[in-house]
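Peer 1: Sequence plus the predicted model coming up.
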Amino acid sequence: MANWTDKLKERWKVKNTFQVVLILIVFACTGTTVALLARPLLQSIFTPEAVPIWAKVLYYILILPVYNIFLLLYGAIFGQFQFFWNFEKRFFNRIFGRKQDQG
């Protein structure tokens, strides 16, 4: 029975467990960065007690491109840029309904 790292290696088509760990670290750093940006950004526009719900919803919609930029940035820092570049291309192909090349 394969463990979870072996399953991720197979799913992501990566060579070793160390690469899986690096990819997980990139996802963690990106998510943390985006989460830490929300409060100061919204509080610079609104008072801390009066951030409207629509502003929070708008933030989470508009943060998607910023998240993707951070994903590529952290991917480059951790030596996994090519993996995340391909990940982004697949992600946007799914969003915009484009077919992937089978080659």
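Peer 2: Yep, that arrived.
Peer 1: same question for stretch 83-99, mean pLDDT?
Peer 2: Mean pLDDT, stretch 83-99: 86.
Peer 1: ugh, wrong one, stretch 49-68
Peer 2: Mean predicted confidence for stretch 49-68 is 87.
Peer 1: Enumerate the positions of it that are buried.
Peer 2: For stretch 49-68, the buried set under the neighbour-count rule, 16 or more other C-beta atoms under 10 Å, comprises 51, 59, 63, 68. The way it works is simple: take the backbone N, C-alpha and C, and place the C-beta from them, glycine included.
Peer 1: what residues does the helix or strand hosting the second one touch?
Peer 2: Taking DSSP states H and E as the criterion, the element that holds residue 59 is helix 53-77. Contacts of helix 53-77 from elsewhere in the structure, counted by C-beta atoms under 8 Å, 6 or more residues apart in numbering, are 26-27, 29-30, 33-34, 37-38, 41-42, 45-46, 81, 83-85, 87-88, 91.
Peer 1: Tell me how far the residue nearest to the spatial centre of the chain lies from residue 64.
Peer 2: Closest to where the C-alpha atoms of the chain average out (C-alpha atoms, centre = their mean) is residue 71, at 4.8 Å. Between residue 71 and residue 64 the computed distance is 11 Å (C-beta to C-beta, to the nearest Å).
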